[in-house]
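S.K.: Here is a sequence with its predicted model. Questions after.
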Amino acid sequence: MTSPEPFDITFDGEPLPCRDGWTVAAALTAAGIRSWRTTRHGQRPRGLFCGIGVCFDCLVTVNGRPSVRACLAPARPGDDVRSQSGTGR
């Protein structure tokens, strides 16, 4: 269940404001964060690209679960979101 009131999620330990109906990617983007993953080879920064779950550029770890597509994951109060390197494993 989502909250009708503003709430926080954390990204790499820092609180981020969030609103009902936002995805994790929406919260990160609204906070000005444009990159939250690096590639396996070359450690190139990645973030939101397609925004519809087709690509895998926006992978993050949410509540300990790696390789979650941030553009599809609904943000929930108290979510612990972590940046990810490669596949996160």
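M.R.: Noted; the coordinates are in hand. Residues are numbered from 1 along each chain as shown.

S.K.: C-alpha from now on. contacts and neighbour counts both.
M.R.: Fine.

S.K.: Point out where this structure drops to low pLDDT.
M.R.: Along the chain, the parts satisfying pLDDT under 70 run over 1-3, 86-89.

S.K.: got the residue ranges for the strands in it?
M.R.: All strands of the chain, identified by DSSP state E, fall at 7-11, 14-18, 37-38, 45-46, 59-62, 65-69, 80-82, 84-85.

S.K.: and the fifth one, what does it pack onto?
M.R.: Just to be clear, that refers to strand 59-62. For strand 59-62, the elements it packs on are strand 65-69, strand 80-82, strand 84-85, judged by 3 or more CA pairs under 8 Å, 6 or more residues apart in numbering; DSSP states H and E.

S.K.: Deepest-packed of the strands of the chain, please.
M.R.: Greatest average neighbour count among those goes to strand 59-62 (a mean of 26), per mean count of other CA atoms under 10 Å.

S.K.: Please state the backbone phi and psi of residue 64?
M.R.: Residue 64 adopts backbone torsions of phi 90, psi -10, taken as degrees, to the nearest 10.

S.K.: residue contacts, it?
M.R.: residue 80 (CA atoms under 8 Å, 6 or more residues apart in numbering).

S.K.: From residue 6, how far out is it?
M.R.: Noted for residue 64: a distance of 23 Å to residue 6, by CA to CA, to the nearest Å.

S.K.: Roughly how far does the residue nearest to residue 8 when sequence neighbours are not counted sit from residue 40?
M.R.: Distance criterion CA to CA, 6 or more residues apart in numbering; nearest residue to residue 8, sequence neighbours excluded, is residue 17 at 4.6 Å. Using CA to CA, residue 17 is found at 29 Å from residue 40.

S.K.: And residue 11, by the same measure?
M.R.: Counting by CA to CA, the gap from residue 11 to residue 40 is 21 Å.

S.K.: quick one: contacts for the residue nearest to residue 8?
M.R.: 6, 7, 8, 9, 27, 31.
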